[in-house]
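> no FASTA, just this:
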Ligand SMILES: Cc1ncc(COP(=O)(O)O)c(C=O)c1O
């Protein structure tokens, strides 16, 4: 976002707004706001329409921030038209790369019209999503934005490399240039060992796995968006009976021995249950997971108290999640008998 800001300044433009669809992760508006932009939410109803972007696009919009596929697991099918529209009115397009697992080896974001994109290495490149960090997010840009890259950049000269800080248009030095170095090395090793075909295969398996889960659970859990989903599938709790909600399903999954997936995100889906199995799960593991969720859907009808009381097999029962987030206990303390 700083590069986008610097690019506009170099053109003599002062633009103040960033458009962000309502499906976006909270980190998107947070990033735009931290860089001093006013965030303009765009209603999307699944995928973003060019009309909705056109209606909000004016001479004060610096950029559109999108995630593709979006957080509903849906490919933003109007993306090229939308990028052309934003460009034609002097804006740039930023892509949140959190869902690259669905596109890697299949399509190139630059071809879609994206100007800047970060890569969540800890998601797409070798660390299971949800692993809790650490993470690293290198950023790719078009040639037009290249002069604005942060300092220093690495320049290859013959067989050696050097750091170049003599770049007057750069946004300057960021706080942690080397970032989480171990994650960068791990991602690099992963890319080299997988090769282009291997990376493509991982994408295909991630999409296949999510659609396998979708096929097994559709009918037992409400699917709010019927369009073809990619690497993740999102259910809602609106059909669950007996006052059972997504939180109850997630807690009951603990009793079945599964770490629950992301819940209550994206915000546009009521009681969202977001399942992103990634490429690494075997069919056996997916079946066990789906069997548990199917059993829980049945329990919601016949023994809802099992969901309301869950977890009963875990070491601790339900926590005060607000307190846990606000005042986390980060050190293990032995309980007195
Ligand atoms: C679309 C999207 N953007 C951003 C994030 C935040 O990513 P990170 O955990 O790397 O900060 C997530 C997290 O899952 C996400 O789904």
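Structure's in. What do you need? What you are looking at is a predicted structure, and each value in this text was computed from that prediction instead of being measured.

> how about the residues of the stretch 101-250 of the chain near the ligand?
Listed as neighbours of the ligand in the stretch 101-250 of the chain under the rule Cβ under 6 Å from any ligand atom: 120, 135. Where you see a C-beta, it was placed from the backbone N, CA and C, and this is true even at glycine.

> where does the stretch 101-250 of the chain dip in pLDDT?
The stretch 101-250 of the chain contains residues with pLDDT under 70 at 128-132.

> In this protein, what residue spans correspond to strands?
17-21, 38-42, 61-67, 92-96, 116-118, 139-141, 153-157, 160-164, 233-235, 262-263, 273-275 (DSSP state E).

> Include mean neighbour count when you put the ones you listed into a markdown table, please.
What follows is these, written out as a markdown table (neighbours: other Cβ atoms under 10 Å):
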| stretch | mean neighbour count |
| --- | --- |
| strand 17-21 | 25 |
| strand 38-42 | 16 |
| strand 61-67 | 25 |
| strand 92-96 | 26 |
| strand 116-118 | 20 |
| strand 139-141 | 18 |
| strand 153-157 | 10 |
| strand 160-164 | 10 |
| strand 233-235 | 27 |
| strand 262-263 | 17 |
| strand 273-275 | 23 |
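
> Now do the domain split for this structure, please.
2-118+139-149, 196-326 (automatic domain parsing).

> most neighbours per residue, which of the ones you listed?
Greatest average neighbour count among the domains of the chain goes to domain 2-118+139-149 (a mean of 19), per mean count of other Cβ atoms under 10 Å.

> Distance-wise, check the closest residue in space to residue 253 that isn't next to it in sequence relative to the ligand.
In this structure, residue 253 finds its nearest non-sequential neighbour in residue 260, 4.6 Å apart by Cβ to Cβ, 6 or more residues apart in numbering. Distance of residue 260 to the ligand, computed by Cβ to the nearest ligand atom, to the nearest Å: 14 Å.

> Surely residue 260 is in contact with residue 250?
Yes: in this structure residue 260 lies within contact range of residue 250 using Cβ atoms under 8 Å: 3.6 Å.

> hang on, the earlier thing: for the strands of the chain, give me a markdown table that also has distance to residue 320.
Listed next are the strands of the chain as a markdown table, based on distance: least, Cβ to Cβ, whole Å:
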| stretch | distance to residue 320 |
| --- | --- |
| strand 17-21 | 31 |
| strand 38-42 | 31 |
| strand 61-67 | 31 |
| strand 92-96 | 31 |
| strand 116-118 | 34 |
| strand 139-141 | 38 |
| strand 153-157 | 47 |
| strand 160-164 | 48 |
| strand 233-235 | 26 |
| strand 262-263 | 17 |
| strand 273-275 | 22 |
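
> quick one: contacts for the residue most central in space within the chain?
Nearest to the geometric centre of the chain sits residue 98, at 3.5 Å (Cα atoms, centre = their mean). Shown in contact with residue 98 (Cβ atoms under 8 Å, 6 or more residues apart in numbering): 25, 67, 120, 123.

> How about the third one, nearest residue that isn't a chain neighbour?
Pointing back at residue 120 there. Using Cβ to Cβ, 6+ apart and skipping the chain neighbours, the partner closest in space to residue 120 is residue 98 (5.0 Å).

> Please tabulate the contacts of residue 98 in JSON lines, including the columns distance to residue 146.
As requested, the contacts of residue 98 are exported to JSON lines (distance: Cβ to Cβ, whole Å):
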{"residue": "25", "distance to residue 146": "27"}
{"residue": "67", "distance to residue 146": "23"}
{"residue": "120", "distance to residue 146": "22"}
{"residue": "123", "distance to residue 146": "25"}
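
> Identify those among these that sit within helices.
residue 123 (DSSP state H).

> Of the contacts of residue 98, which is the nearest to residue 76?
The closest of the contacts of residue 98 to residue 76 turns out to be residue 67 (Cβ to Cβ; 8.0 Å).
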